[in-house]
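**Q** Provided below for reference: sequence and predicted model.
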Amino acid sequence: MIKNKNKILILDRTTEYKQAQSWLSKGVNGYGNSLMSSSFLISAVEAISNDYIWLPPNITTAFLKNMTIKKNKKNLEEELFSGLTNAEKKVATLLKNGYTNINISEELNISINTVKTHIKHIY
């Protein structure tokens, strides 16, 4: 993690989404292709000097798609869970995470029959 106020633009031979994530998580201000046009380079320097993050269009698009997918999954999950009780939501979440009925019983300190009843109501 960067601890000073230096601005850092990483230029790579090829830009990749995962690499951009990694650099940004370390506090880098920009990430681009070392072969990008001068207009992109100028744009990057201007953005970074104004305290913005700069990424090339293909990486920005990938970030936006990923955010949309996560948001849509979250909205779908909220919609699916909306009619459930709190106990049923807990059981459904554990099922989603791969827990078996026995694991759920132990995790929530409830009987197997109670777990099965919750699962029946969930479905």
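**A** That came through fine.
**Q** so where do the strands sit in the protein?
**A** Counting by DSSP state E, the segments of the chain that form strands are 9-12, 30-33.
**Q** What helices and strands are in contact with the lengthiest helix in the chain?
**A** Using DSSP state H to define each element, the chain has its longest helix at helix 57-81. Applying 3 or more C-beta pairs under 8 Å, 6 or more residues apart in numbering; DSSP states H and E, we find helix 57-81 packed against helix 17-25, helix 86-96. C-beta coordinates here come from the backbone N, C-alpha and C atoms, glycine included.
**Q** Mind doing that once more with 10 Å?
**A** The contact analysis (3 or more C-beta pairs under 10 Å, 6 or more residues apart in numbering; DSSP states H and E) places helix 57-81 against helix 17-25, strand 30-33, helix 86-96.
**Q** And the ones you listed, which one averages the lowest pLDDT?
**A** Within the helices and strands packed on helix 57-81, confidence is poorest for helix 86-96, with a mean of 87 (mean pLDDT).
**Q** what sits against R13?
**A** N33, S34, L35 (C-beta atoms under 10 Å, 6 or more residues apart in numbering).
**Q** Specify which member of those residues is nearest to A92.
**A** N33 (43.8 Å; C-beta to C-beta).
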